[in-house]
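1. Attaching a predicted model along with its sequence, questions to come.
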Amino acid sequence: SALRGLLARMPKAELHIHIEGSLEPELIFALAERNGVTLPYAGVEALRAAYAFTDLQSFLDIYYAGASVLLQEQDFYDMAWAYFEKAAQDHVVHAELFFDPQTHTARGVSVGTVIQGLSRACTDAQQRLGVSASLILCFLRHLSEDDALSTLEDALPWRDHFIGVGLDSSERGHPPSKFARVFARCGELGLHRVAHAGEEGPPAYVEEALDLLHVERIDHGVRSIESPALMQRLARERVPLTVCPLSNVKLCVVPDLTAHPLPQLLTAGLAVTINSDDPAYFGGYLNDNFLALFAAQPQWGAREAYELARNSLAASFAPPQQRAVWQ
Ligand code: ADE
Ligand code: ZN
């Protein structure tokens, strides 16, 4: 239909993609072979069959196992390049990629190896695909704040290769307050700040992320729907939410897309965006998320499509000269 064509072809930004979550099973096994890594799955089919998640943790266990095949700089480049080719097909004009250095440094891979491989792919995405791309370094919240601080320190020689920091991994029991000092340091360094909050955690975690970490965007934030006061604040302050519809269904945050709170958040005046989170694990890239959500909202049309695309570009950290190109 015309609406499907519009959704697929309109220019959009992707602001919530974990690049390790774009590793398709085929590439996982190709890299395992290249690097001599043995996986606890017989093959691509067996791995895909294990993608039946009951909550965030059940996903994270498999996601970290998948990332264990990444060892060389070229592995990080190949992973990001495969994503950029999909992004270009989806008419993504700008992407801000999350990456998890601690997942790799724990296996003896240096932060520099990770950042240089990803950064080279970002440069090529701009030059060969016309996709502007930047990196956001995420701290794993199930680890300590001291671990996050030393990760930041290790990454500083590559300070110019990432634009900001985020907070991800297991949310429950790991509130934003745990990371107040490291986020304050990031603020002093002039880094943009975002955090996952209100995915599985309560609305109070969204408030902590804003008040204690001083984040500019909230990743997910869907449980804000439970607090009318927080909803009013997010609308008034136009705090962008990077919402991931297919992810929320696969991780049982919502029962199905017809029950997804995104339409209510949008109607309440929040700066909502649509994103893919971990597309290789959740059954779709950015346009798949748009198409699935719009299929569950038959009253939606071009107005909502443009509003969501415009929100994504407006909520990006792209510099003014880049934004001018989109107008
Ligand atoms: N890491 C990768 N995907 C994530 C998600 N949806 N929530 C928290 N941490 C993540
Ligand atoms: Zn995420």
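-> Cool, got the structure. Ligands and ions are numbered 1, 2, ... in the order given.

2. Quickly note the distance from Gly117 to Ile163.
-> According to C-beta to C-beta, to the nearest Å, Gly117 and Ile163 sit 17 Å apart. (Glycine included, C-beta is placed from N, CA and C.)

3. for the stretch 51-200 of the chain, what spans make up the helices?
-> 56-66, 73-89, 101-105, 111-124, 145-155, 180-188 (DSSP state H, counting those that start in this stretch).

4. What's the per-residue pLDDT of Ile115 here?
-> We have a pLDDT of 99 for Ile115.

5. same question, Arg323
-> With respect to pLDDT, Arg323 scores 88.

6. cool, and Gln327?
-> Value for Gln327, per-residue pLDDT: 80.

7. cool, and Leu234?
-> Leu234 is given a pLDDT of 99.

8. after the strand or helix carrying it, next one along is what?
-> For Leu234, the element it lies in under DSSP states H and E is helix 228-236. Where DSSP H and E defines the elements, the next helix or strand beyond helix 228-236 is strand 240-243.

9. For that following strand, C-alpha coordinates in PDB please.
-> Output of strand 240-243 as PDB, limited to C-alpha atoms (Å, rounded to 0.1, in the frame of the first residue of the first chain):
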ATOM      1  CA  PRO A 240      12.900  11.800  23.700                       C
ATOM      2  CA  LEU A 241      12.000   8.100  24.300                       C
ATOM      3  CA  THR A 242      13.800   5.600  22.000                       C
ATOM      4  CA  VAL A 243      11.000   2.900  21.900                       C
END
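
10. Which secondary structure elements does it sit against?
-> When contacts are defined as 3 or more C-beta pairs under 8 Å, 6 or more residues apart in numbering; DSSP states H and E, strand 240-243 packs onto strand 12-18, strand 217-220, helix 262-267, strand 271-274.

11. Report the closest residue of the stretch 151-300 of the chain relative to ligand 1.
-> Nearest residue of the stretch 151-300 of the chain to ligand 1 (C-beta to the nearest ligand atom) works out as Asp168 at 3.6 Å.

12. now do the stretch 1-150 of the chain
-> Going by C-beta to the nearest ligand atom, ligand 1 is nearest to His18 of the stretch 1-150 of the chain, at 4.1 Å.

13. so that residue bridges to which residues?
-> On the basis of DSSP bridges, His18 is bridged to Phe98.

14. Near ligand 1, which residues of this protein are found?
-> Proximity of the chain to ligand 1 (C-beta under 6 Å from any ligand atom) is limited to residues His18, Gly21, Leu56, Tyr63, Asp168, Ser169, His196, Glu199, Ser247, Asp277, Asp278.

15. could I get these as CSV with pLDDT?
-> Shown next, in CSV, are these (pLDDT from 0 to 100):
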residue, pLDDT
His18, 99
Gly21, 98
Leu56, 98
Tyr63, 97
Asp168, 98
Ser169, 98
His196, 99
Glu199, 98
Ser247, 99
Asp277, 98
Asp278, 98
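
16. Now do the contacts for Glu26.
-> Contact analysis of Glu26 by C-beta atoms under 8 Å, 6 or more residues apart in numbering lists Val44.

17. Once you drop chain neighbours, what's closest to Leu283?
-> Quick fix: residue 283 is Gly, not Leu. Nearest residue to Gly283 in three dimensions, chain neighbours excluded: Leu246, at 5.7 Å (C-beta to C-beta, 6 or more residues apart in numbering).

18. Mind telling me what element that neighbour is part of?
-> Counting by DSSP H and E, Leu246 is found in helix 245-250.

19. Check the offset of that helix from the chain's centre.
-> Centroid separation for helix 245-250 versus its chain: 13 Å, with C-alpha atoms, centre = their mean, to the nearest Å.

20. tell me which strands and helices it is in contact with?
-> Where contact means 3+ C-beta pairs under 8 Å, 6+ apart, helix 245-250 is packed against helix 279-282, helix 286-295.

21. Quick check: which of the ones you listed is buried the most?
-> Highest mean neighbour count of these: helix 279-282, a mean of 25 (counted as mean count of other C-beta atoms under 10 Å).

22. Could you report the separation of the closest residue to Tyr77 other than its chain neighbours from Ala80?
-> Leaving aside its sequence neighbours, Tyr77 sits nearest to Gly117 (C-beta to C-beta, 6+ apart; 4.3 Å). Gly117 is 7 Å from Ala80, where distance means C-beta to C-beta.

23. So which of these two has more stuff around it?
-> Taking neighbours as other C-beta atoms under 10 Å, Gly117 and Ala80 compare with Ala80 leading, 26 against 22.

24. quick one: that one and Cys122 touch, right?
-> Yes - Ala80 lies in contact with Cys122 (C-beta atoms under 8 Å); the separation is 7.1 Å.
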